[in-house]
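# Got a sequence here, can you model it:
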Amino acid sequence: MRIASTAAETDATEGVAMPEGADQTATSDEVAWFTGVVREHSTALVRYFARRGPRQDAEDLAADVFATAWRRRADVPPDAVLPWLYRTAGFTLANHRRKTVDLAVDEVPESGAVRVGDDPELSALFDAELRGALASVGERDRQILLLHAWEGLDGAELAEVLGISRSGADAALSRARKRLREAWGERLSF
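Numbering: from 1, shown residues only. Here you go, the predicted model:
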């Protein structure tokens with residue numbers, strides 16, 4: 001990553017390094033924009049990746065998304081930066097998952113943390129049923145449900161991430177919820 005080289009860039013990018021191979025002809029407005037985007041959205045992106053994959057990869061994957069945002073800064077809609085970042089994060093995560101990793105069976109982490117409530121056994125059963133219901137809906141429905149539940153997106157932001165209209169996103173969320181309710185009802189065994 002390139003570190004700010006001028007006094008103006010240093011002030012604008014304090015604590016934020018520019019992506020490797022960053023355009024040397026970037027204007028101070030572009031650098032300030034990028035710095036603001038990183039400061040405002042880095043936590044959300046790291047959480048996005050930490051919820052969906054290995055936590056040790058979350059920061060690196062977020063950095064990849066920010067590098068893409070820098071390269072494609074002209075394509076990032078000013079009124080929908082976070083949805084654009086989430087959409088790019090989805091592509092980045094899909095590419096990351098395609099990589100093969102050799103891991104010994106005894107090193108494979110247990111899936112998910114069990115919520116401990118009044119009845120830990122019931123809580124574990126509930127978590128397993130919910131994971132099963134989520135696994136039984138399609139990949140797109142699962143993506144929509146998780147973007148809504150974990151990232152708090154709906155309406156225009158969800159539409160931007162999915163690359164569809166607002167009404168299309170609302171309908172897709174409604175359909176995904178219906179399918180999850182149906183899957184949940186079929187699986188609920190306690």
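# Which positions in whichever strand or helix holds Thr92 come out as buried?
Secondary structure assignment for Thr92, by DSSP states H and E: helix 81-98. By neighbour count with 16 or more other Cβ atoms under 10 Å, helix 81-98 contains the buried residues 81-90, 92-93, 96. (Each C-beta comes from the backbone N, C-alpha and C, glycine too.)
# just stretch 56-64 next, same as before
58, 61-64.
# Checking Ala26 next. Helix, strand or coil?
coil (DSSP: H, G, I helix; E, B strand; the rest coil).
# what number of residues lie near it?
15 (other Cβ atoms under 10 Å).
# what about the helices in the chain?
For the chain, applying DSSP state H gives helices covering 7-12, 28-52, 58-71, 81-98, 120-136, 139-149, 155-162, 166-187.
# Comparing those, which yields the minimum mean pLDDT?
Mean pLDDT is lowest for helix 7-12 out of those, coming in at a mean of 38.
# Contacts for stretch 82-90, please.
Stretch 82-90 has contacts (Cβ atoms under 8 Å, 6 or more residues apart in numbering) with 37, 41, 44-45, 48-49, 61-62, 65, 68-69, 75-77, 143, 147, 151, 153, 156-163.
# picking that back up, next, format the buried residues of helix 81-98 as CSV and append distance to Leu180.
Listed next are those as CSV, based on distance: Cβ to Cβ, whole Å:
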residue, distance to Leu180
Val81, 29
Leu82, 24
Pro83, 22
Trp84, 26
Leu85, 25
Tyr86, 20
Arg87, 22
Thr88, 26
Ala89, 22
Gly90, 19
Thr92, 25
Leu93, 21
His96, 25
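# now, the most widely separated pair of those residues?
Between any two of the buried residues of helix 81-98, the greatest separation by Cβ to Cβ is 21.7 Å, found for Val81 and His96.
# Next up, the contacts around the spatially most central residue of the chain.
Closest to where the C-alpha atoms of the chain average out (Cα atoms, centre = their mean) is Tyr48, at 3.4 Å. Contact analysis of Tyr48 by Cβ under 8 Å, 6+ apart lists 62, 86, 89, 150-151.
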